[in-house]
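Undergrad: Would you be able to build a 3D model of this:
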Amino acid sequence: MRQFLSTLLIVSSLLLVHQAQAADEQAELVRQVMQTEAAFAKTMEARDHKAFTEFLAEESVFFSSKKVLHGKQEVAAAWKRFYNDPVPPFSWAPETVEVLSSGKLALSSGPVRDPQGKLIATFTSIWRQDSPGVWHIIFDKGNDVCDCAKP
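TA: Residues are numbered from 1 along each chain as shown. Model prediction:
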């Protein structure tokens, strides 16, 4: 019986260590995606279209108000107009990040604000980890917010 209890204690300890390591790894992935999304948003503030394009996966899909944009080149061309003026037309920031337990895909979402800081939309992006610590955006969709009275 004593042997059984010792073995049970060792196995339980190993499971707890494994769970703690998995939680640490998951937290690190969330941190990576949060930082990647923030750096992606910083390209708008910095007026750096070239840097913006470096975050796009080759097969990126962005939902725009007029049509769905397919591929890095089409997304980059359509978004170029947002980088032309000296003042950014909008800004965004990650608020929420969730990463699959596989560590391969992540979702980020947060507010989109006009130049005066007014909330005008929200965004949802899907990121893919292409190599350790390197994330590229594969889907992006903005959603308008209602500026209406609550019922």
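Undergrad: For the rest of this, base every contact and every neighbour count on C-alpha atoms.
TA: Will do.
Undergrad: List the neighbouring strands of the longest strand along the chain plus their orientation.
TA: With secondary structure taken from DSSP state E, the chain has its longest strand at strand 119-131. Next to strand 119-131 in the sheet, as set by DSSP bridges, lie strand 105-113 (antiparallel), strand 134-144 (antiparallel).
Undergrad: Pull the distance from the first one to the chain's centre.
TA: If I follow you right, that is strand 105-113. Taking CA atoms, centre = their mean, to the nearest Å, one finds strand 105-113 lying 5 Å from the centre of the chain it belongs to.
Undergrad: likewise the longest one?
TA: Mean C-alpha position of strand 134-144 versus that of the full chain (CA atoms, centre = their mean) differs by 7 Å.
Undergrad: Going by neighbour count, which residues of that strand are buried?
TA: 135-142 (16 or more other CA atoms under 10 Å).
Undergrad: Report the rounded mean pLDDT for stretch 92-103.
TA: Across stretch 92-103, the average pLDDT comes to 97.
Undergrad: List the neighbours of it that are in contact with it.
TA: 26, 29-30, 33-34, 37-38, 41, 105-113, 123, 129 (CA atoms under 8 Å, 6 or more residues apart in numbering).
Undergrad: Swap in 7 Å and give it another go.
TA: For stretch 92-103, the external contacting residues (CA atoms under 7 Å, 6 or more residues apart in numbering) are 29-30, 34, 37-38, 41, 105-113.
Undergrad: With stretch 54-67 instead?
TA: 40, 68-72, 75, 136-141.
Undergrad: Tell me which two in these are the farthest apart.
TA: Phe40 and Val68 (20.1 Å; CA to CA).
Undergrad: Comparing the two, which shows the higher neighbour count?
TA: Phe40 (23 against 13; other CA atoms under 10 Å).
Undergrad: Count the neighbours of the closest residue in space to the more buried one that isn't next to it in sequence for me.
TA: What sits nearest to Phe40 in space, not counting adjacent residues and going by CA to CA, 6 or more residues apart in numbering, is Phe52, at 6.2 Å. Phe52: 20 surrounding residues under other CA under 10 Å.
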